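>>> sequence unknown, structure follows:
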C-alpha cells in the first residue's frame, strides 16, 4: 500500500488572488453620465425665461407698480394704458430697461387676448427679452380648476 503525502505545492490548481482593479466599467459609467450632462445642459438655458403665476396665487406684496404690457383682440399693443405701435415697441422697452431698477426687480405683466395668434404674443415676448426685461409673468384669469 502506498500513501500519498501532502505536497508543498498546495493549491496549484487554484488561481492566485488578483491584485489589480478593473476600471473599465467605471469609465463606461462616467462616459455615459458625461454624455447625459452634455445633452441636457444646453436645454436648461434655452428658451425665453417666463415666470408663470399659479392659478390661485395670493397677490404679490410689491412696493413698485409692475409694468403691464397688453395686447387686445385686434393686436394693438399697450404699455400700461398707452397705445404703442409695433415699430415703437423696441424703443419704449429700451427706455423702460434704462430706468433704475427697484430693489425687488422689475416685473413685467404680459396680458394677451386669448383669441390672438401665438406668434403675435411671442413677438412681444421676444422684444421684451431683447430689451433685457426677463422677469415676465403671463396674466390669466383665475378659475375654479385646481
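Yep, it's here. A quick note: this is a predicted structure, and the numbers were derived from the prediction, not measured. Numbers count the residues shown, from 1 in each chain.

>>> Can you give me the neighbour number for residue 34?
By other CB atoms under 10 Å, 10 other residues sit near residue 34. C-beta coordinates here come from the backbone N, C-alpha and C atoms, glycine included.

>>> now swap in residue 102 and tell me
13.

>>> Tell me the spacing between it and residue 136.
Going from residue 102 to residue 136 by CB to CB, to the nearest Å gives 16 Å.

>>> likewise residue 22?
To residue 136, residue 22 is 53 Å away according to CB to CB.

>>> So which of those two has more stuff around it?
Neighbour totals were compared for residue 22 and residue 136, and residue 136 leads with 20 against 8 (other CB under 10 Å).

>>> bridging residues for the closest residue to that one other than its chain neighbours?
With CB to CB, 6 or more residues apart in numbering as the criterion, residue 136 has its nearest non-adjacent residue at 4.9 Å, and that residue is residue 108. Bridge pairing for residue 108 (DSSP bridges) gives the partners residue 67, residue 136.
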